[in-house]
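Novice: Please find the sequence and the predicted model below.
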Amino acid sequence: MTALAGKRLLLTGAAGGIGREVARGLVSKGAEVLLAGRKPGPIQALATELDQPCQACDLVKPEDRNALVDRVHACFGALDGLVHCAGVNAFGLHDSQSDLQIEEIISINLVAPIQLTRALLPLLASGREPVIVCLGSVFAHIGFPGFSLYSASKFGLLGYTEALRRECADGPIRVAWVAPRATRTSMNNGAIDQLNAELKTNYDRPETVARAIIAAVERPARSRILGIPERFFARVNQFFPALVDSALAKQLPVIRKHNTRQKEIQA
């Protein structure tokens, strides 16, 4: 028996690189997991592999969110945990990004998890030692040039997570935040991988991030930033932001170069 045996959990973004490993880890520990994802094929394949229920849904759409909440109620009656792994990334200098990109990033990464959490609070309040875990990013702690939209969405999600944790402090629901650094998943397009290679950015495997998320479900701490240098850099940014401004300014020529390459490929 493990701490997760019999736990009733909802996992969003379950078919993504990180979400898939989280799903496998949770199920291996005896949890019952409703797997949610945007693409029917991959989410159904994972559900078949793990013998768990699934729901294909676009969390930005109110009707899909409502259908997912209804499915949670039908499957479990109450909810012991909500794990937010759904998200999208976008690399590019801000003047190259469209209104559609801005709306998509903020809607998927920030608005949708807020709305889904609110809708599920009654089911979580009825759960056993309920927990909410939000998958963030080190870019929620360090605004990074070339990732202004992604940073904005994750900064917002961090603020929401912190405030919600304090709102729930006198009740049964615990709220945790896990902020990975760069992770080797398909969410990184070629331009991001090329940029990270030139900047010598450290990568983690999806399994490493998944273990941290599962640990947060089991024993939720307030916040965890993965990677020792990234964690240190985030603290420096908190107390001495001018030092980080100076360090990142030196990387701007590299970021601009890869932004130009990406625009040429997309043209």
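Specialist: Cool, the structure landed. Residues are numbered from 1 along each chain as shown.
Novice: can we go C-alpha only for contacts and neighbour counts from here?
Specialist: Fine.
Novice: what ranges do the helices span in the stretch 51-200 of the chain?
Specialist: 62-76, 99-106, 112-125, 148-167, 190-198 (DSSP state H, counting those that start in this stretch).
Novice: Could I get the buried residue list for the third one?
Specialist: Neighbour-count burial for helix 112-125 flags 112-114, 116-117, 120-121, 123-125 (criterion: 16 or more other CA atoms under 10 Å).
Novice: and if you look at the first one?
Specialist: In terms of neighbour count (16+ other CA under 10 Å), helix 62-76 has its buried residues at 64-66, 68-69, 71-72, 76.
Novice: quick one: which of these is nearest to Lys200?
Specialist: Taking CA to CA as the measure, Lys200 sits nearest to Arg65 out of these, at 39.1 Å.
Novice: Once you drop chain neighbours, what's closest to that closest one?
Specialist: Leu59 (5.3 Å; CA to CA, 6 or more residues apart in numbering).
Novice: so where's the stretch 1-150 of the chain uncertain?
Specialist: 1 (pLDDT under 70).
Novice: where exactly do the strands run in it?
Specialist: Along the stretch 1-150 of the chain, counting by DSSP state E, counting those that start in this stretch, strands occupy 8-12, 32-37, 54-56, 81-84, 131-135.
Novice: mind giving me CSV with the helices of the stretch 51-200 of the chain and columns for distance to Ser246?
Specialist: Listed next are the helices of the stretch 51-200 of the chain as CSV, based on distance: least, CA to CA, whole Å:
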stretch, distance to Ser246
helix 62-76, 43
helix 99-106, 27
helix 112-125, 34
helix 148-167, 17
helix 190-198, 18
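Novice: give the contact list for the residue most central in space within the chain.
Specialist: The centroid of the chain falls nearest to Leu135 when counting by CA atoms, centre = their mean (3.2 Å). For Leu135, the contact set (CA atoms under 8 Å, 6 or more residues apart in numbering) comprises 83-85, 177-180, 213.
Novice: ok, and the most crowded of those?
Specialist: Counting by other CA atoms under 10 Å, Ile213 has the largest number of neighbours within the contacts of Leu135, with 31 neighbours.
Novice: now that residue, nearest residue through space, not along the chain?
Specialist: Ile213's closest residue in space is Val178 (CA to CA, 6+ apart), at 6.4 Å.
Novice: is it true that that neighbour touches Phe139?
Specialist: No: under the criterion of CA atoms under 8 Å, Val178 is not in contact with Phe139, lying 11.8 Å apart.
Novice: Pull the contacting residues for the closest residue to Ala23 other than its chain neighbours.
Specialist: Spatial nearest neighbour of Ala23, excluding adjacent residues (CA to CA, 6+ apart): Ala14 at 6.4 Å. Taking CA under 8 Å, 6+ apart, we find Ala14 in contact with 20, 22-23, 35-37, 43, 85-86.
Novice: So what does Ala14 have for phi and psi?
Specialist: Dihedral pair for Ala14: phi -70, psi -20, per degrees, to the nearest 10.
Novice: one step back: which one of the contacts of Leu135 is nearest to Ser151?
Specialist: Scanning the contacts of Leu135 for proximity to Ser151, where the rule is CA to CA, the winner is Ala179, at 11.9 Å.
Novice: Please list all residues in contact with the nearest residue in space to Ala140 that is not next to it in sequence.
Specialist: Spatial nearest neighbour of Ala140, chain neighbours left out: Phe155 (4.2 Å); criterion: CA to CA, 6+ apart. Taking CA under 8 Å, 6+ apart, we find Phe155 in contact with 139-141.
Novice: quick revisit: would CSV of the strands of the stretch 1-150 of the chain with distance to Val217 be doable?
Specialist: As requested, the strands of the stretch 1-150 of the chain are exported to CSV (distance: least, CA to CA, whole Å):
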stretch, distance to Val217
strand 8-12, 10
strand 32-37, 13
strand 54-56, 20
strand 81-84, 7
strand 131-135, 6
